[in-house]
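no letters, just coordinates:
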């Protein structure tokens with residue numbers, strides 16, 4: 001299975017599924033589309049007999065993942081009339 005989202009690369013080699021977070025300039029910080037892609041790929045591999053192990057990698061040399069992309073969240077909230085984070 002190959003991921004559609006270029007920020008997440010998914011390959012299978014010799015029974016091992018490799019998921020690579022591919023945003024090295026942002027220290028591979030996660031965006032909502034990346035999380036969605038990870039979920040879809042993992043669900044697809046869940047019952048795939050060709051995948052027995054999964055390895056998560058981060059592109060580049062700075063780190064695996066800096067967490068959620070705060071800039072993307074800020075921009076998303078800025079396009080809305082209300083802030084979802086302020087609701088109880």
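Looks like it came in fine. Given the structure is predicted, the values throughout are model-derived calculations rather than measurements.

strands along the chain, start to end?
Secondary structure of the chain (DSSP state E): strands located at 8-13, 16-21, 53-58.

and those, which is most packed in?
Mean neighbour count (mean count of other C-beta atoms under 10 Å) peaks for strand 16-21 among these, with a mean of 18. Heads up, the C-betas are built off the backbone N, CA and C, glycines and all.

what angle separates it from strand 8-13?
Per axes from the mean of the first three to the mean of the last three C-alpha atoms, to 10 degrees, the angle that strand 16-21 makes with strand 8-13 is 160 degrees.

roughly how far out does strand 16-21 sit from the chain middle?
10 Å (C-alpha atoms, centre = their mean, to the nearest Å).

got a list of contacts for it?
With C-beta atoms under 8 Å, 6 or more residues apart in numbering as the contact definition, strand 16-21 has outside contacts at 3, 7-12, 28, 30, 34, 38, 41-42, 45, 51-59, 64-65.

please apply the same query to stretch 48-55.
Here stretch 48-55 has contacts from 1, 12, 15-19, 42, 45, using C-beta under 8 Å, 6+ apart.

run the angle between the top helix by length along the chain and strand 8-13 for me.
Ranked by residue count, the top helix of the chain under DSSP state H comes out as helix 32-45. Relative orientation of helix 32-45 versus strand 8-13 (the same axes, to 10 degrees): 20 degrees.

so for helix 32-45, mean pLDDT?
Averaging pLDDT along helix 32-45 gives 94.
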